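Novice: heads up, no residue letters with this:
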C-alpha cells in the first residue's frame, strides 16, 4: 500500500531509521576501512601498492556510473525495493569479497559491491523524506549525516581493530550480519511509496552510466599525465553520451539526469552548493595526509589522529544544523557553514613547520564545524525544492553531487601535485578554500528567491 500520511508513526519510524542507518553506515564505513587497509590488502593478495588502488577505484567507479539510473529505477519500481535489493547485493558481494583470492576477483566483487552501495545511496534521502514528518525532516537528515560522520570517523580505528585480531577478509565479512539485520528491519518497516507510471528507460541508463564513467576516467587520465589521445577519447565519449542522453530524454516527465529539477532556482543553487562543498572536502582529505606527513613530519598513525577532529565535529554539528534547518532558512545556515569551512581551510594552508598538535586540531575542527553546519540544511533544501513524486531524482542528485565533487577534488589534488612540485598540498588547500567560498555564495543566492528565504 502507498504511504498516505506525513511520515511514519514513531513505532515504525525508529526501526526504519535504524535499517537505513545500518546500510548507509556500512557503505560509508566500507570506503573508510578499505582506504586505511590498502597496504595490508596489497601484501595479503600478493600485489603491489599501485595495482591495489583498483580495490578502491572499482567501487567508486561503479557507484558514480549507476547512482542516477538506480535513483530513476526507484521512482519506477519503488524506493523500498531498490533499497532492499541494493542492500542484498551489498551483503552477497561483501561475502564474496571476503572469500576473494586474488586482485582480479577482489576488484570484480568490489564492482558488484559498488552497485549495491549505489542502489542504497541513490534512494536513501528519498526514503527519509517519507519516513519523517515534514516538520522533523531537517532533524532526520541531521541524524543521517551524524551516522555518515561517525562511520567516516571510525573507519581507520575499525580497520586497525579488525586487522589486529584477524585477517583482512573480515574487513568485508563484517558487513554480512549487520546487513542481514538491516534487511530484516527494512522489510518490516520501510514505507511503501507511490510509483511513477512511466517505464524505466534502459537506453538512458546506459548513456547516463557512460557519461559519468568516461568523465571520471578522462579526468583521472588527464591529471595523472596520461596520453593526450586517450584523455581526448574518454572526454569525447562522455560528451557524446551526455548529448545523446539529453536528446533522448527531452520532454520526459522524469529525466534520469534531472534537468527538469534544475529549472527550479533553489534546487539548482542547492546542487551547486553541494558540488562546491564536496569538491573542497575532497581537495582537503586527499592533500592533508601528504602535507602532514611529508612537510610537517608526522607519522601515518599521528596523521590519522590529527585529521579525526574534522569528521568528528561534522557528526556533532550535523545534529545542531539539522534541528536549526526546521526553523531557519537552509540558504543562510549553509552559507555560514561553508564560509566557516573556507576560513578553516585557509588556516590549514597557512600552517608552518613546527606547528603544534593543538594548532592543527583546532583548524581541522573549524573545517568540520563549517562542513557539518552546511550538510543537513542543504540536503533538506534539495529534497524539499523538488516535488514529492520526483524524490527519487532529487535523491540521485544528492548522491551524484557528493560523488562527483569528491572525484573532482581528488583529481584537482593530483593536478596541483603535477603543477607544483613544492607546495602542492598548500595550493590544493587554497583551491579548496575558493570552492568553499563559491559554495557559500551559491547558498546565499538562494535567499534572493522566495522559496529559499523560508524554512521548508
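Specialist: Received, thanks. Just so we're clear, the structure is a prediction, and the values are computed from it rather than from any experiment. Numbers count the residues shown, from 1 in each chain.

Novice: Residue 251 versus residue 217, what's the distance?
Specialist: To residue 251, residue 217 is 30 Å away according to CB to CB, to the nearest Å. In this view, the C-beta of every residue, glycine as well, is placed from N, C-alpha and C.

Novice: tell me the pLDDT at residue 322?
Specialist: Reading off the confidence values, residue 322 has pLDDT 77.

Novice: same check, this time on residue 171
Specialist: Note on residue 171: pLDDT of 87.

Novice: Just list the residues touching it, thanks.
Specialist: By CB atoms under 8 Å, 6 or more residues apart in numbering, the contact list for residue 171 reads 33-34, 37, 98, 159, 162-163.

Novice: Flag the least confident of those residues.
Specialist: Ranking those by pLDDT puts residue 37 at the bottom, with 73.

Novice: May I ask you to confirm that that residue is in contact with residue 159?
Specialist: Yes. Counting by CB atoms under 8 Å, residue 37 touches residue 159, with 4.8 Å between them.

Novice: In this structure residue 258 contacts residue 392, no?
Specialist: No. Between residue 258 and residue 392 there is no contact under CB under 8 Å: 9.2 Å.

Novice: What's the local residue count around residue 78?
Specialist: 22 (other CB atoms under 10 Å).

Novice: Tell me which residues touch it, please.
Specialist: 192-193, 195.

Novice: TSV please, covering the residues you listed and showing pLDDT.
Specialist: Formatted as TSV, those follow (pLDDT from 0 to 100):
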residue	pLDDT
192	83
193	80
195	77
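
Novice: For those residues, could you give me TSV that also reports distance to residue 378, neighbour count and secondary structure?
Specialist: As requested, these are exported to TSV (distance: CB to CB, whole Å; neighbours: other CB atoms under 10 Å; DSSP: H, G, I helix; E, B strand; the rest coil):
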residue	distance to residue 378	neighbour count	secondary structure
192	28	14	coil
193	23	22	coil
195	27	16	coil
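
Novice: How is this structure divided into domains?
Specialist: Using automatic domain parsing, the domain ranges for the chain come out as 1-199, 202-248, 254-456.

Novice: for the shortest one, how far is the first residue from the last?
Specialist: In domain 202-248, first residue to last residue: 11 Å (CA to CA, to the nearest Å).

Novice: Just the mean pLDDT for that domain, thanks.
Specialist: 85.

Novice: Could you report the neighbour count for residue 356?
Specialist: Based on other CB under 10 Å, the number of other residues close to residue 356 is 8.

Novice: May I have the phi/psi pair for it?
Specialist: Dihedral pair for residue 356: phi -80, psi 160, per degrees, to the nearest 10.

Novice: thinking again about what came up before, so which of the contacts of residue 78 comes closest to residue 400?
Specialist: residue 193 (20.8 Å; CB to CB).

Novice: so what secondary structure elements neighbour the host helix or strand of residue 436?
Specialist: Following DSSP states H and E, the helix or strand that holds residue 436 is helix 424-445. Here helix 424-445 touches helix 265-290, helix 330-349, helix 357-384, helix 391-419, going by 3 or more CB pairs under 8 Å, 6 or more residues apart in numbering; DSSP states H and E.

Novice: What is the neighbour count of the residue nearest to residue 181 when sequence neighbours are not counted?
Specialist: Sequence neighbours aside, residue 22 is the residue nearest to residue 181 in space, at 6.3 Å (criterion: CB to CB, 6 or more residues apart in numbering). Number of residues near residue 22 (other CB under 10 Å) recorded here: 21.
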